[in-house]
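1. What follows is a predicted structure for the sequence shown.
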Amino acid sequence: MLIDTHAHLYADEFKDDLSEVIERARQAGLVRILLPNIESSTAEAMWDVVKTDPDLFSPMIGLHPCSVKPETIEDELEFVRQELKTDKYIAVGEIGMDLYWDKSTRQLQEMAFIEQCKWAAAYNLPVAIHSRDSTGELIKIIRKMNVEGLTGVFHCFSGTDKEALEIIELGFMLGIGGVLTFKNSNLREILKDIPLEHILLETDSPYLAPVPYRGKRNESSYTSIVAETLAQVKEDTAENISTITSSNAARLFRLKELPL
């Protein structure tokens, strides 16, 4: 019983075989797939996927940091604000900062992140955080904000062991995906001493496919590969890894209807 806590199955990469991707996910044991939004233009496609199987898919709403642009940010944030009023979403995401692709919008990214975190707390929703080349900065921002009740997950965690502990101390979880299987990743060493109750599994499909599919399109069925790899790291069974991380996801995202 697995939960993929971060997948973009509404992306164009899945337009020709989504039904087959969904069937493979079910065969691999997926009981829920969480869909983070990117911007207003992707929301309709995301909802089209949700409607194919509302028992399998759960949507988030948020403005991705790579979609933060000076000319559109006001309209994009207003879209998120209005959507949150509908009470249709399980989280605010994908939000955060990305200092790999574009540092010129750093201040705007920070502003958008803070605003959306405040909305998340107001609606009692967790956040799904994108933190490429910005994990330390986001930890500092969250500490400085000191928003009561704010929680969530650092999706695709790739920070240091110190940052992992700081994230946990803040009450957030670590989203772990295909990078765990990469030979050049230090995640194995970092996660050895991190208790399982702080870990969620994800794919970030269609990106970051695990070994042996690295470089190819990722999909939710590969969550099982992440679980098996984490089981090796923890010297545990994939079944136990799946049970605990799925329970973590159900608790964080309030997926009360799941039989966990």
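-> Yep, it's here.
2. Going by secondary structure, R143 is in what exactly?
-> helix 135-145 (DSSP states H and E).
3. after that helix, next one along is what?
-> strand 152-154.
4. What average pLDDT does that following strand get?
-> Mean per-residue pLDDT for strand 152-154: 98.
5. outside of the very next helix or strand once past it, which residues touch it?
-> Downstream of strand 152-154, the first helix or strand assigned by DSSP H and E is helix 161-169. Residues from elsewhere that reach helix 161-169 (C-beta atoms under 8 Å, 6 or more residues apart in numbering): 135-136, 139, 154, 157, 159, 173-174, 189-191, 193-194, 198. For the C-beta atoms, the positions are set from N, CA and C on the backbone; glycine is no exception.
6. by contact count, what packs against the helix or strand following helix 161-169?
-> Heading C-terminal from helix 161-169, the first helix or strand you meet, by DSSP H and E, is strand 172-176. Contacts defined by 3 or more C-beta pairs under 8 Å, 6 or more residues apart in numbering; DSSP states H and E place strand 172-176 against strand 152-154, helix 161-169, helix 187-191, strand 199-201.
7. elements contacting the helix holding R143?
-> The helices and strands touching helix 135-145, judged by 3+ C-beta pairs under 8 Å, 6+ apart, are helix 106-122, helix 161-169.
8. and the last one, what's its mean pLDDT?
-> Model confidence over helix 161-169, given as mean pLDDT, is 97.
9. cool, the first one as well?
-> Helix 106-122 shows a mean pLDDT of 98 in the predicted model.
10. Please save the CA atoms from that helix in PDB.
-> Output in PDB follows, covering the C-alpha atoms of helix 106-122 (Å, rounded to 0.1, in the frame of the first residue of the first chain):
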ATOM      1  CA  ARG A 106      14.500  35.700  -5.700                       C
ATOM      2  CA  GLN A 107      12.700  38.400  -3.800                       C
ATOM      3  CA  LEU A 108       9.400  37.700  -5.700                       C
ATOM      4  CA  GLN A 109       9.800  34.000  -5.000                       C
ATOM      5  CA  GLU A 110      10.200  34.700  -1.300                       C
ATOM      6  CA  MET A 111       7.200  37.000  -1.200                       C
ATOM      7  CA  ALA A 112       5.000  34.400  -3.100                       C
ATOM      8  CA  PHE A 113       6.200  31.700  -0.700                       C
ATOM      9  CA  ILE A 114       5.500  33.600   2.400                       C
ATOM     10  CA  GLU A 115       2.000  34.700   1.200                       C
ATOM     11  CA  GLN A 116       1.100  31.100   0.300                       C
ATOM     12  CA  CYS A 117       2.300  29.800   3.600                       C
ATOM     13  CA  LYS A 118       0.100  32.200   5.400                       C
ATOM     14  CA  TRP A 119      -2.900  31.100   3.400                       C
ATOM     15  CA  ALA A 120      -2.000  27.500   4.100                       C
ATOM     16  CA  ALA A 121      -2.000  28.100   7.800                       C
ATOM     17  CA  ALA A 122      -5.300  30.000   7.600                       C
END
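11. Go ahead and measure how far it is from the middle of the chain.
-> Averaging C-alpha positions (C-alpha atoms, centre = their mean, to the nearest Å) puts helix 106-122 17 Å from its chain's average.
12. again, but for stretch 212-221
-> For stretch 212-221, the distance to the chain centre is 17 Å (C-alpha atoms, centre = their mean).
13. Next: stretch 46-60.
-> 16 Å.
14. In it, which residues are buried?
-> Within stretch 46-60, the residues that count as buried by 16 or more other C-beta atoms under 10 Å are M46, V49, V50, L56, F57, S58, P59, M60.
15. Nearest to I225, out of these: which one, please.
-> Proximity of the buried residues of stretch 46-60 to I225 (C-beta to C-beta) peaks at L56, which lies at 19.3 Å.
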